[in-house]
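Student: fold the following.
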Amino acid sequence: SPSTSAPPPPPPPPPYDDNNVGYGPVARMDVSATVRSEPPVGYGLLIESFELPWNTSSVRVRGFRDHPDGQPSPSRAAGLRVGDVIASVNGSPTSTSSFDDVVAMMTQAAPMAALGLHRPADRPPPPP
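Tutor: As a prediction, the model looks like this:
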């Protein structure tokens, strides 16, 4: 009689990337940008907290607050993109910081903050 064997186990799921893009291999670029706070918009940066699957949170760029005259916000002009994860402020890592801690770090850094960012490498550049 023919021998039967159990099918091979399914492969493990790919690791979850820390940019919260989803499951799957995502190449990440580490990017830095220096942003100057300018009245009346400050850094002109809208950020949000998001949860990672291993019960930690990070802070990422949600959008921008441009100048009333239509000029781009300092953060947009510095090259930040929606979805960028703020990894450090003036060299201090944010990986164990709460949302409020990151806001405080950026406030204390004013008028200029050096931001370390994580960005998926396959994210296209913003439109001109």
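
Student: how about the nearest residue to the residue most central in space within the chain, chain neighbours excluded?
Tutor: By C-alpha atoms, centre = their mean, the chain has its centre lying nearest to V85, at 1.1 Å. Among residues not flanking V85 along the chain, H118 sits closest, at 4.2 Å (C-beta to C-beta, 6 or more residues apart in numbering). Glycine gets a C-beta too; all of them are placed from N, C-alpha and C.

Student: wait, the one you found touches V59, no?
Tutor: No - using C-beta atoms under 8 Å as the test, H118 is too far from V59 to be in contact (10.9 Å).

Student: overlap in contacts, these two.
Tutor: Residues touching both H118 and V59 (C-beta atoms under 8 Å, 6 or more residues apart in numbering): V85.

Student: more neighbours: those two, which one.
Tutor: Taking other C-beta atoms under 10 Å, H118 and V59 do not tie; V59 has more neighbours (24 against 19).

Student: helices or strands next to the helix or strand hosting that one in the packing?
Tutor: V59 is part of strand 57-64 when elements are defined by DSSP states H and E. Applying 3 or more C-beta pairs under 8 Å, 6 or more residues apart in numbering; DSSP states H and E, we find strand 57-64 packed against strand 45-51, helix 74-77, strand 85-89, helix 99-109.

Student: let me know the next secondary structure element after the last one.
Tutor: The element immediately downstream of helix 99-109 (helix or strand, assigned by DSSP H and E) is strand 112-120.

Student: so where is this structure shaky, pLDDT-wise?
Tutor: Flagging of the chain using pLDDT under 70 yields the residue ranges 1-4, 10-27, 52-56, 121-128.
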